[in-house]
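> no letters, just coordinates:
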């Protein structure tokens, strides 16, 4: 039996850092690296949040900011999108949550390659810096091609940042992918090789499963983005024509000839669609665990939840062209990709049912992390069903490139994973710092953020129905929609500004509670998974003291009949209840 | 009161769900009135809307109810039941049925959308940063071929070519193609089409991706340089409709507008007859003095026509038609005569004296003396 083996990490020597720099800066401790990832991602996310507020002001009051010219607007939408998807969501969910939870929840001392893990963070930081170099004054600013970076416009003169800005963007993405690969190999190897005694795959918490599948997707999908970034750099600097047909740009006939712009789109979305799930699956996992812990009930249908994650992961590689239904590819592709896309709705719906059914006959503690998890489910349902509109090829025709799409993807892969992140931080902060976050501030932040984002994005779908196109610097007066649409835009903008500022509550809470929060104890939520069984809180370097924990059961034994407490940690042998 | 406070989470979630339904019913913002044959698209949207709407309401209200009903009690205990294969199977089956009901009509309409009826009349839409042009095939019913470059010579030491798309050949018509001579060229962003005729829209782009979209028609498709894309529709009511570009195409994307009129057959034919063919356009082009021709070439090669028209329409910058010697109003309200000094200043330092209504988007240009002279002569000539 596997439990008889002594895990390698129990006997391998740990090299404790000897200096302050080794402990907190160039640290190889997965928990410190998680914090470094988290702080960097939040910092760059604030830049993206600020840009989005500028965009909203421009949309609602086009006359208000004279200095905010077209170029700035298109640069803002591009940077906002790319930062949020890659440098905040991907980096936070895998870099921060992945690093923090994988070794702790698997019962490992650390990642299996701690040095590579450290490099992963520093390379990520470099990619963020390169990205922000796009804003160096005097060089034309960052690219304004939209986060999808579609050529030819990305590298032609009619687009802002077609020279310097696009280079920093492509270089930054390439460097980020290097960082992701180093982190990703670590997560996968650690999950496969360094689980403690008794931690079979089917006993792993769903958070780890979500991160595991998402990392596979990332390792398979990011190379497509990597090669397309390199090919575009060659088109721009060496004069190749991978993506460039013969064109007349701003009156000048370019030397390029014979390239295919759609090739880029296929490569981009071969990465881009799995990317949606790279963000969504860890969020699914985190939310599953939060709901189960705080509802004091086992997650409903654990095995089906695992297989749904795996099935979604596999399917996510054969749906990419639903982003290209009106891109001009062969129309027969529409049949195939619409069908695969709607099939993926089935395992996704199963996940939603199981979250909701977990609430049934539960004993629901409405803690702040639970509030975030519940709001995730509702927001995700909204974002998921609008995906059924866009995935059905013919419905995509009138709605694509309108605000319906903007509303859809913000609900499903913007707000939802952010809510999962807020919930996850709130849930694990006591383990990370030994202190509780402030519930009053937490609740204010939660209600403002959840209701605010709903007021922003729910009505936005209707702007799409009336035909307001996305990525417009200015919307003039169009005959095909009522003038009241502008009123709606103003409401959305005011709400967005309010919600934007309210995020300071959360950051303030993180900082304040670090010094003044209530002491948390080892297991404030009464949770079962291994991270709550560490001998120290916060866990020390090496996590487990002398001996690694032994796992005897799955992570969801809540309210087991006959047990005197409503939870049984994974380390408790079968037959005992505490 | 106490109860409401106790259950405020459930209540607020319920309000969000019910509020969404109310918003949906009372919203003044619904699908724009359709003006084409694609009512089946709207029908498919409605089917999806109902299925998804019911799912959203059921799930949302179930959540709110469960949160109310199963709120934490110290003495409370959850029901321990890790799995329920029967329930899980049923949910999977019901979801799959819902998906099929949504997908099937969608695929049927898509099949219609991609198969153009054989009797469809063709019109070509040509996209460029940031305006539209249109072309009809003329009497022979066949479009002449086009190309971006001509006299391309590929060799080991590189490729040489001449531009084929210029201000004298804005559509890039290929020399010597007999089908092109009778093509009707509409070098403006106003298109007329006849009512109740099947129309195949074929699309190409000179520079970057664009997307030809009239919201009331429902149909849209990207225009991809190097490719020809298409869709078809049948206009079902007359009127004036706005053409939008629906694919981000650079800094003036939002300015890429046009107008489509759906006319009766007679009105349409009268309009079409008044347009020029490629042969007429060529014949109407009087030979220019060498210096004027050179000025045009300078303007062509530097992309001036991307923003400045020669026919009086305002694109991104002011038109050059009749500019020379005219009085123009600047954005500070003052006026100035567009004489040689002003025009040179506007080329060299374009953002100092902006014409009212135009943004500061032009980059400064520095020309050799002979180029500047030729350009000024050309501008003078176009004012006549």
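Nice, thanks for sending it over. Everything quoted here is computed from the prediction, not taken from an experiment.

> what's the local residue count around residue 108?
Because you didn't say which chain, this covers chain A. 27 (other C-beta atoms under 10 Å in any protein chain shown). (Each C-beta comes from the backbone N, C-alpha and C, glycine too.)

> think we crossed wires, I meant chain B
The local packing of residue B:108 (other C-beta under 10 Å) involves 13 other residues.

> with residue A:434 instead?
17.

> so it sits against residue A:522, correct?
No. Applying C-beta atoms under 8 Å, one finds residue A:434 not in contact with residue A:522, separated by 9.2 Å.

> mutual contacts of the two, please.
Contact criterion C-beta atoms under 8 Å, 6 or more residues apart in numbering or on different chains; residues bridging residue A:434 and residue A:522 by contacting each: residue A:537.

> where does chain A dip in pLDDT?
A:1-8, A:577-578 (pLDDT under 70).

> where do the helices sit along the stretch 151-300 of chain B?
B:265-273, B:278-284, B:290-301 (DSSP state H, counting those that start in this stretch).

> hey, which of these is tucked in deepest?
helix B:290-301 (a mean of 18; mean count of other C-beta atoms under 10 Å in any protein chain shown).

> residues contacting that one, please?
A:251-252, B:163, B:166-168, B:288, B:305, B:367, B:371, B:373-379, B:381.

> related to what we said a few turns ago, can I get the helices of the stretch 151-300 of chain B in JSON lines with distance to residue B:39?
Formatted as JSON lines, these follow (distance: least, C-beta to C-beta, whole Å):
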{"stretch": "helix B:265-273", "distance to residue B:39": "22"}
{"stretch": "helix B:278-284", "distance to residue B:39": "37"}
{"stretch": "helix B:290-301", "distance to residue B:39": "45"}
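
> residue 135: how many residues sit nearby?
Going with chain A. Quick note: residue A:135 (other C-beta under 10 Å) scores 15 neighbours.

> my question was about chain B
25.

> what's the nearest residue to it if we skip its chain neighbours?
Closest residue to residue B:135 apart from its sequence neighbours, by C-beta to C-beta, 6 or more residues apart in numbering or on different chains: residue B:124 at 4.1 Å.

> where along the stretch 201-350 of chain A do the helices fall?
Applying DSSP H, counting those that start in this stretch to the stretch 201-350 of chain A gives helices spanning A:206-237, A:261-294, A:302-315, A:333-359.

> surely the residue nearest to residue B:135 is in a strand?
Yes. Residue state for residue B:124 (DSSP: H, G, I helix; E, B strand; the rest coil) corresponds to a strand.

> picking that back up, okay, and which of the contacts of helix B:290-301 map to strands?
Residues of those located in strands (DSSP state E): A:252, B:163.

> so how do I select the buried members of the contacts of helix B:290-301 in PyMOL?
The following PyMOL line selects those of the contacts of helix B:290-301 that are buried, judged by 16 or more other C-beta atoms under 10 Å in any protein chain shown:
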select buried, (chain A and resi 251+252) or (chain B and resi 163+166+305+367+371+374+375+376+377+378+379+381)
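
> where are the low-confidence patches of chain B?
Ranges of chain B meeting pLDDT under 70: B:315, B:384.

> care to break it down by domain?
Domain segmentation of chain B under automatic domain parsing yields B:2-68+B:86-114, B:121-280, B:286-382.

> format those domains as CSV; extra columns: distance to residue A:476.
Listed next are these as CSV, based on distance: least, C-beta to C-beta, whole Å:
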stretch, distance to residue A:476
domain B:2-68+B:86-114, 16
domain B:121-280, 8
domain B:286-382, 13
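
> relative to residue A:176, which of those is closest?
For residue A:176, the closest of these is domain B:121-280, at 22.8 Å, according to C-beta to C-beta.

> please work out which of the helices of the stretch 201-350 of chain A is packed deepest.
Highest mean neighbour count of these: helix A:261-294, a mean of 26 (counted as mean count of other C-beta under 10 Å).

> contact partners for the nearest residue to residue A:282 once chain neighbours are set aside?
Leaving aside its chain neighbours, residue A:282 sits nearest to residue A:93 (4.1 Å; criterion: C-beta to C-beta, 6+ apart). Contacts for residue A:93 (C-beta under 8 Å, 6+ apart) come out as A:211, A:214, A:278-279, A:282-283, A:417, A:420-421.
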